[in-house]
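Engineer: coords please:
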Amino acid sequence: MASLREPPNEQAILNIYESMRSELSQIYSNITDLEMQVSEHSLVVNAIQPLDQSRKCFRMIGGVLVERTIKEVLPAVHRNKEGLEEVVRKLYETLEKKKKDMTEFEGKYKIRLRKQDESKEEGGSNKKEGNAQGVLVGAASTS
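Structural biologist: Residues are numbered from 1 along each chain as shown. So this is what the prediction gives:
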C-alpha cells in the first residue's frame, strides 16, 4: 500500500528533488556566510585584545556606531562569536540530516545525477535529452 505522501508522477518527484537540492544549497550558503562572520569576529578579537582595556573603541549596534571601551566591547564580541559558532554547528547538523534524507530519496526513486562530462561524451546529438537538468528518475519499486 502506498504512503499518503507518495508523489503522483515523475515530475512531482523531480520537483521535490530539486527543492531538496535547493535547500542544501541554501544551507551551504548560510554556513559560508556565518563562517565568514566568525572569521571577522576573530580578527577583531585578535586586533583589540592586546590593546589597553581603557582605550576608546567603536562598535556598530543596530546600525548605530557607539563609543565604548575595549573592556566593554571585547566580552560582547566573544559572546557574538560563540553564538555564531553554535549556529554554524547546528547548521552542519541540519546539513548532514538533509543530505541523508536526500540520499534516501535518491535511493527510493532511483535518482541518478547525470554528470556534465557524460552529456558531452554522448555527442549532444539528442538535444532534447540534454535539457533534462541532469537528473534521471527511475520508476519507484513496488516491492
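Engineer: name the nearest residue to Y28, ignoring sequence neighbours.
Structural biologist: The shortest distance from Y28 to any residue other than its chain neighbours is 7.2 Å, reached at L95 (C-beta to C-beta, 6 or more residues apart in numbering). For every residue, glycine as well, the C-beta is placed using N, CA and C.
Engineer: the one you found touches S29, doesn't it?
Structural biologist: No. Proximity of L95 to S29 does not meet the contact threshold set by C-beta atoms under 8 Å, at 11.1 Å.
Engineer: pick out whichever of the two has more residues nearby.
Structural biologist: Each of L95 and S29 has its neighbours counted (other C-beta atoms under 10 Å); L95 has more, 16 against 10.
Engineer: quick one, strands of this protein?
Structural biologist: Under the criterion DSSP state E, the chain contains strands at 56-61, 64-69, 111-113, 135-137.
Engineer: still on that earlier bit, mind listing what the residue nearest to Y28 touches?
Structural biologist: Shown in contact with L95 (C-beta atoms under 8 Å, 6 or more residues apart in numbering): 24, 27-28, 31.
Engineer: ok, 10 Å please
Structural biologist: Neighbour list for L95: 23-24, 27-28, 30-31 [criterion: C-beta atoms under 10 Å, 6 or more residues apart in numbering].
Engineer: which among these end up buried?
Structural biologist: The neighbour count (16 or more other C-beta atoms under 10 Å) marks 24, 27, 31 as buried among those.
Engineer: circling back to that earlier point, let's see which of the contacts of L95 end up in helices.
Structural biologist: Mapping the contacts of L95 onto helices (DSSP state H) picks out 23-24, 27-28, 30-31.
Engineer: could I get those as JSON lines with distance to L14?
Structural biologist: Formatted as JSON lines, the ones in helices among the contacts of L95 follow (distance: C-beta to C-beta, whole Å):
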{"residue": "E23", "distance to L14": "15"}
{"residue": "L24", "distance to L14": "16"}
{"residue": "I27", "distance to L14": "21"}
{"residue": "Y28", "distance to L14": "21"}
{"residue": "N30", "distance to L14": "25"}
{"residue": "I31", "distance to L14": "26"}
